[in-house]
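Trainee: could you work out the structure for the sequence below:
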Amino acid sequence: MLLKLIEDELLVNDPESTEESPVVNRMVVRPFTKSQSGVEGMPRVEDSLIILGERNIDDIIDTTIANRMELQVSNFRLSNLDKLYNPIKILEKNNNPTTLYNSENLGVKDE
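Mentor: Below you'll find the predicted structure:
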């Protein structure tokens, strides 16, 4: 029932769109991303998103460079997230009985 509602109300082409994009862009993605970052279609994470580190490196070759390494991803943003295009598939069955399949087209639409 919920899946049918999502398909019938959010995944259909938006009559207000000139790009034949689904209603979910206008009703969900753009308002959510604007409230989060101030820009429609662009979520942003100001703080550190990922921090990976290794201390006391034991490898002789690596210790000639450093005895500690760290990788940090911060101030992350993703543009044009509001560019979802059909076909969008949600919770579709496949040949594995314990798996549901989801897919979407994101970004620039192929002509």
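Trainee: residue 10: how many residues sit nearby?
Mentor: 19 (other CB atoms under 10 Å). No exception for glycine: its C-beta is placed from N, CA and C like everyone else's.
Trainee: what helix or strand does residue 73 sit in?
Mentor: With elements delineated by DSSP states H and E, residue 73 resides in strand 68-77, which encompasses its position.
Trainee: buried set for that strand?
Mentor: For strand 68-77, the neighbour count (16 or more other CB atoms under 10 Å) marks no residue as buried.
Trainee: other SSEs contacting whichever helix or strand comes after that strand?
Mentor: Tracing the chain C-terminally past strand 68-77 and defining elements by DSSP H and E, one meets strand 84-93 next. Contact here means 3 or more CB pairs under 8 Å, 6 or more residues apart in numbering; DSSP states H and E; on that basis strand 84-93 packs against helix 2-9, strand 100-106.
Trainee: include mean pLDDT and distance to residue 53 when you put these into a markdown table, please.
Mentor: A markdown table is the format used below for those (pLDDT from 0 to 100; distance: least, CB to CB, whole Å):
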| stretch | mean pLDDT | distance to residue 53 |
| --- | --- | --- |
| helix 2-9 | 88 | 40 |
| strand 100-106 | 85 | 31 |
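Trainee: go through those and name the closest to residue 36.
Mentor: Nearest to residue 36 among those is strand 100-106; the distance by CB to CB comes to 17.3 Å.
Trainee: check the offset of that closest one from the chain's centre.
Mentor: On the basis of CA atoms, centre = their mean, to the nearest Å, strand 100-106 sits 11 Å off its chain's mean C-alpha point.
Trainee: where in this structure is the helix or strand with the lowest mean pLDDT?
Mentor: Within the chain, judged by mean pLDDT, DSSP states H and E, the helix or strand with the poorest mean is helix 60-63; its value is a mean of 54.
Trainee: gap between the most centrally placed residue in the chain and residue 26?
Mentor: Centroid check for the chain by CA atoms, centre = their mean gives residue 81 as the closest residue, at 7.0 Å. For residue 81, the distance to residue 26 equals 13 Å [CB to CB, to the nearest Å].
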